[in-house]
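>>> Give me a model of this one.
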Amino acid sequence: MTKWGKRTEAVHGGVRRSQYNELSEAMFMTQAFVYPTAEDAEQRFIESGPDEFIYARYGNPTNRMFEDRIAAMEGTEDAFACASGMAAVNGALMALTQAGDHIVSSRALFGSCLYVLEDILGRFGVEITLVDGTDNQAWEDAIRPDTKVVFLEAISNPTLEVIDLAHVVKLAHANGALVVVDNAMPTPIFSYATEMGADLVVYSTTKHVDGQGRMLGGAICGSRELIRGPIETYVKHTGGAINPFAAWTHLKALETLDLRVRAQADGALKVTEALQGHPKLSRISYPTHPSHPQYDIAIGQAPSGGTVLAIEVDGGKEACFRFLNALQIFTISNNFADAKSIATHPATTTHQRLPQEQKDMLGISDGLVRLSIGLEDVDDLIADLLSGLDAA
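The predicted structure follows:
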């Protein structure tokens, strides 16, 4: 079969047509499936074929189309679609570990990821070691011969640290550990995780894939052995599968993902360049801008830094709030990767519950603002930010 590019896969990958030969993919809103005979039902429960389904929690034709399409775009053999990004993170980590196992993870993580690692897995006897993901030596010191899983965000949320993924994968595999990468920031368009040897790539498809503020969703991409083995077994029995309507919405959204993400990423770089040297900003962080501390690693891994940047507003929380409240185009919200540009104050929202000591360690200060660039005219966005900074 001819290998297609990502944009072609995003339109045609995984299509299954019913007997009516519909142009747009069908949405199968059903909980269960009917069997011609009792013997057929028995056989399907013994072993289902690739296009045979039992129950929506186990699989669904719409879900399968979405899974096949995002797997093709990521370059993996298979994928399993989940109800949310956190259902995907939890499913991947829980499915691969048991009491007594050891996980090494970067410490710069989304708050809910930290909760899954430290509170849930820790409660069930999994040993967790957190490291500075930007320090290659820290990974070398932490990964042991008995390490079961290495987990990281390819680009961290919200501080946009970049990890030398090739180095970490090499260390992990040398010790027999599996590598699980949360890939929300690089997106399926700029993804390099599979190419660099990650065993599982996890997405919050709420971000970028849906990208229009409508649906929660998630996906775990990897080898067929892992996906249809421990991942599917865990997720289908614990109820974390995506619903068919969300899968259909995501499936259709994939058709325009490349166009949207590239436009947003171009805008993010232009905003970063426009804000350089602003007197009210002490820091601007965008992975593929030369000012980023891991620029050389970032530009060696991907052609773009994605759709998000972070800024540090002088004057702390009070100045940040004046800035945020003065914005007219940017929406104040806790999501990112939407068609609408979004500004987030992580210290008081997404990472509010972290102890102050941990916020300080991660660089989540009262002056930090995460900016998610949407599809608006970039000149309008720059003018809005400059006007907001005047009020800070």
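
>>> burial measure for R16, as a count.
13 (other Cβ atoms under 10 Å). The way it works is simple: take the backbone N, C-alpha and C, and place the C-beta from them, glycine included.

>>> actually D164, not the one I typed
Applying other Cβ under 10 Å, we find 20 residues neighbouring D164.

>>> Without its sequence neighbours, what residue ends up closest to it?
I297 (5.1 Å; Cβ to Cβ, 6 or more residues apart in numbering).

>>> helix or strand for that neighbour, which one?
Assigned by DSSP states H and E, I297 belongs to helix 295-301.

>>> Then V15?
Secondary structure assignment for V15, by DSSP H and E: no helix or strand.

>>> my guess is it meets F66, correct?
No. The pair V15 / F66 is not scored as a contact, 10.9 Å apart, by Cβ atoms under 8 Å.

>>> which of the two has more neighbours?
Remark: of V15 and F66, F66 carries more neighbours, 30 against 15, as counted by other Cβ under 10 Å.

>>> Can you verify the more buried one is assigned to a helix?
Yes. Per DSSP: H, G, I helix; E, B strand; the rest coil, F66 lies within a helix segment.

>>> how about it, what does it touch?
The contact partners of F66, taken as Cβ atoms under 8 Å, 6 or more residues apart in numbering, are 14, 81, 219, 242, 247-248, 250-251, 254.

>>> just the helices in the stretch 251-392 of the chain please.
257-275, 295-301, 316-326, 356-362, 378-391 (DSSP state H, counting those that start in this stretch).

>>> Ok, which of the ones you listed comes nearest T307?
With Cβ to Cβ, the closest approach to T307 among the helices of the stretch 251-392 of the chain belongs to helix 257-275: 3.9 Å.

>>> and the angle for the closest one with helix 378-391?
40 degrees (axes from the mean of the first three to the mean of the last three Cα atoms, to 10 degrees).

>>> Tell me the helices and strands packed up against helix 257-275.
For helix 257-275, the packing partners by 3 or more Cβ pairs under 8 Å, 6 or more residues apart in numbering; DSSP states H and E come out as helix 6-12, strand 281-285, strand 308-313, helix 378-391.

>>> Relative to the whole chain's centre, how far out is that helix?
18 Å (Cα atoms, centre = their mean, to the nearest Å).

>>> Any idea which helix or strand in the chain has the lowest mean pLDDT?
For the chain, counting by mean pLDDT, DSSP states H and E, helix 356-362 ranks last in confidence among helices and strands (a mean of 87).

>>> Return it as PDB; C-alpha atoms alone will do.
Provided in PDB are the C-alpha atoms of helix 356-362 (Å, rounded to 0.1, in the frame of the first residue of the first chain):
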ATOM      1  CA  GLN A 356       4.000  26.500  46.800                       C
ATOM      2  CA  GLU A 357       7.400  24.700  47.100                       C
ATOM      3  CA  GLN A 358       6.400  22.500  44.100                       C
ATOM      4  CA  LYS A 359       5.200  25.500  42.100                       C
ATOM      5  CA  ASP A 360       8.500  27.300  42.800                       C
ATOM      6  CA  MET A 361      10.500  24.200  41.700                       C
ATOM      7  CA  LEU A 362       8.500  23.900  38.500                       C
END
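
>>> thought L171 was touching E140?
Yes. L171 lies in contact with E140 (Cβ under 8 Å); the separation is 6.1 Å.

>>> Which one of these two is surrounded by more residues?
Neighbours per residue (other Cβ under 10 Å) separate L171 from E140, with L171 holding more: 19 against 12.

>>> got the contact list for that one?
139-140, 143, 150.

>>> Among these, which ones are in helices?
139-140 (DSSP state H).

>>> Which two among the contacts of L171 are spaced furthest apart?
That would be E140 and V150, which, of the contacts of L171, are the farthest apart (Cβ to Cβ) at 11.9 Å.

>>> For stretch 303-318, list every residue counted as buried.
Going by neighbour count (16 or more other Cβ atoms under 10 Å), the buried part of stretch 303-318 is 304-313.

>>> can you tell me how far L251 sits from E140?
Applying Cβ to Cβ, to the nearest Å, the value for L251 to E140 is 41 Å.
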